[in-house]
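S.K.: Predicted structure and sequence below. I'll ask about it afterward.
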Amino acid sequence: MTVMSLSKALNEGMRKAMEDDPKVLIMGEDVGKLGGVFRVTDGLQKDFGEDRVIDTPLAESGIIGTAIGLALRGYRPVCEIQFDGFVFPAADQIITQLAKMPMRSLGAIKLPVVVRIPCGGGIGAVEHHSESPEAYFTHTAGLRVVACSNPADAYSMIQQAIRSDDPVVFFEPKRRYWEKADIDTSTGDWWTPFDKGRVVRPGTDATLIAYGPMVKTCLEAATAAEDDGRSLEVIDLRSLNPLDQPLVMESASRTGRVVVVHEAPVNNGFGAELAARITERCFYRLEAPVLRVGGFSTPYPPSKLEEHYLPDLDRVLDAVDRAFGY
């Protein structure tokens, strides 16, 4: 076992993928000599050279467009979008080309492109640096959308994403980059398939569903709820598209109460889709409506206000109290 931070786990996962397959490339703004703003790609250009770890111009559309061309020629590009809010200039390439070309070709064309997006707030940054744009991409058919929440998953999921023949949007919780955990790097036998979720804390009274940065918040809420005699189950979705529906529906049916938690605004967020699916399939087993906890319907606020904007333990527990009030 090796102790690693989440950012180091991503680095080691990409390093392993590059060692295993010479067609794997890293590309993005400052990913080479600097090692990325968050140092996630630190040392990779030194070890693999400038032909495989490529510092690109500040042009996200160009990064993804170039990656699509490389994928058509048999490469496996891993593109870093420096901050979540910078992905929108590349949205045209991602949504109208990357997601569509495999279907347009009836599967003859494979586009194994990974788009890495550091996401969410909590680091004292400004707008465009603290956003949660996952709903834009889960709404886009043809994309796998995944989110890691801990170092072990970061290590395994980035390798699985790179190996996938499908385009993958890979969300990384930037405020968890420096949190550490033990990782077994000797074998892949322990890996959970990256399109499956996981129960990270069993419970019987209510289910908390989260992904990315909010998984830790929900685990803390579940620990605090023990003082009130409540047993909360916590699910880490890991994959947003495709969704591990059997896992979600089994837990919702068993506990009868569900709270969905994400950093993105509640209005038209991914939690709305989860609430709809759970209600459709588990209606007669639910004791309360599926409740959602998320950011507010405003642009991301200045850093002095982000602690009021981001969901925290108290807001999650308040939603749990409301679920038990029905």
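M.R.: Sure thing, it's come through.

S.K.: quick one, strands of the stretch 201-326 of the chain?
M.R.: With strands called from DSSP state E, counting those that start in this stretch, the stretch 201-326 of the chain shows them at 206-210, 232-236, 239-241, 258-265, 291-295.

S.K.: List the neighbouring strands of the last one plus their orientation.
M.R.: In other words, strand 291-295. If you go by DSSP bridges, strand 291-295 pairs up with strand 258-265 (parallel).

S.K.: I'd like the distance from the strand it pairs with to the chain centre, please.
M.R.: 13 Å (Cα atoms, centre = their mean, to the nearest Å).

S.K.: quick revisit: is it possible to get CSV of the strands of the stretch 201-326 of the chain that adds mean neighbour count, distance to E127 and mean pLDDT?
M.R.: Glycine gets a C-beta too; all of them are placed from N, C-alpha and C. Listed next are the strands of the stretch 201-326 of the chain as CSV, based on neighbours: other Cβ atoms under 10 Å; distance: least, Cβ to Cβ, whole Å; pLDDT from 0 to 100:
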stretch, mean neighbour count, distance to E127, mean pLDDT
strand 206-210, 28, 23, 98
strand 232-236, 26, 27, 98
strand 239-241, 22, 23, 98
strand 258-265, 26, 13, 98
strand 291-295, 23, 12, 97
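
S.K.: To V115, which of those strands lies closest?
M.R.: strand 239-241 (13.3 Å; Cβ to Cβ).

S.K.: Pull the residues that contact the closest one.
M.R.: 134, 137-138, 143-147, 194-197, 211, 270 (Cβ atoms under 8 Å, 6 or more residues apart in numbering).

S.K.: Out of the strands of the stretch 201-326 of the chain, which gets nearest to V24?
M.R.: strand 239-241 (21.3 Å).

S.K.: Partner strands of that closest one, with direction?
M.R.: Sheet pairing for strand 239-241, using DSSP bridges, gives strand 144-147 (antiparallel).

S.K.: one step back: which of the contacts of strand 239-241 lies closest to L305?
M.R.: Among these, and counting by Cβ to Cβ, the member closest to L305 is E134, at 22.1 Å.

S.K.: measure that closest one to G65 for me?
M.R.: Separation of E134 from G65 (Cβ to Cβ, to the nearest Å): 22 Å.

S.K.: excluding its backbone neighbours, what's nearest N150?
M.R.: Spatial nearest neighbour of N150, excluding adjacent residues (Cβ to Cβ, 6 or more residues apart in numbering): A181 at 5.8 Å.

S.K.: So the one you found sits against D153, correct?
M.R.: No: using Cβ atoms under 8 Å, A181 is not in contact with D153, being 9.6 Å away.

S.K.: Between the two, tell me which one has more neighbours.
M.R.: D153 (26 against 17; other Cβ atoms under 10 Å).

S.K.: mind listing what the more buried one touches?
M.R.: T192, D236, R238.

S.K.: Can you tell me the element it falls in?
M.R.: Element membership for D153, per DSSP states H and E: helix 151-163.

S.K.: and the angle from that helix to strand 232-236?
M.R.: 30 degrees (axes from the mean of the first three to the mean of the last three Cα atoms, to 10 degrees).

S.K.: Following element in sequence after helix 151-163, please.
M.R.: In N-to-C order, the element after helix 151-163 by DSSP H and E is strand 168-173.

S.K.: quick one, what contacts the spatially most central residue of the chain?
M.R.: Centroid check for the chain by Cα atoms, centre = their mean gives A147 as the closest residue, at 1.7 Å. By Cβ under 8 Å, 6+ apart, the residues touching A147 are C119, E134, F170, F171, E172, P173, Y211, G212, L237, R238, S239, L240.

S.K.: Over to P265?
M.R.: So, once contact is read as Cβ under 8 Å, 6+ apart, P265 ends up touching G294, G295, F296, S297, T298.

S.K.: try 10 Å
M.R.: If a contact means Cβ atoms under 10 Å, 6 or more residues apart in numbering, then P265 has E131, S132, A135, G271, G294, G295, F296, S297, T298, P299, Y300, Y309 as its contacts.

S.K.: try E19
M.R.: Contacts of E19 by Cβ under 10 Å, 6+ apart are D47, F48.

S.K.: Point me to the helix or strand that includes it.
M.R.: Secondary structure (DSSP H and E) places E19 in helix 6-20.

S.K.: per-residue confidence averaged over that helix?
M.R.: The average pLDDT within helix 6-20 is 97.

S.K.: Which is the succeeding secondary structure element to that helix?
M.R.: strand 24-28.

S.K.: one step back: can you redo the contacts of D153 as CSV with distance to A319?
M.R.: Shown next, in CSV, are those (distance: Cβ to Cβ, whole Å):
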residue, distance to A319
T192, 27
D236, 18
R238, 22
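
S.K.: re the thing from before, any common contacting residues for A181 and D153?
M.R.: Taking Cβ under 10 Å, 6+ apart as the criterion, A181 and D153 both touch L6, A9.

S.K.: what kind of secondary structure is the closest residue to G85 other than its chain neighbours in?
M.R.: Leaving aside its chain neighbours, G85 sits nearest to H128 (3.1 Å; criterion: Cβ to Cβ, 6+ apart). Here H128 is recorded as coil under DSSP: H, G, I helix; E, B strand; the rest coil.
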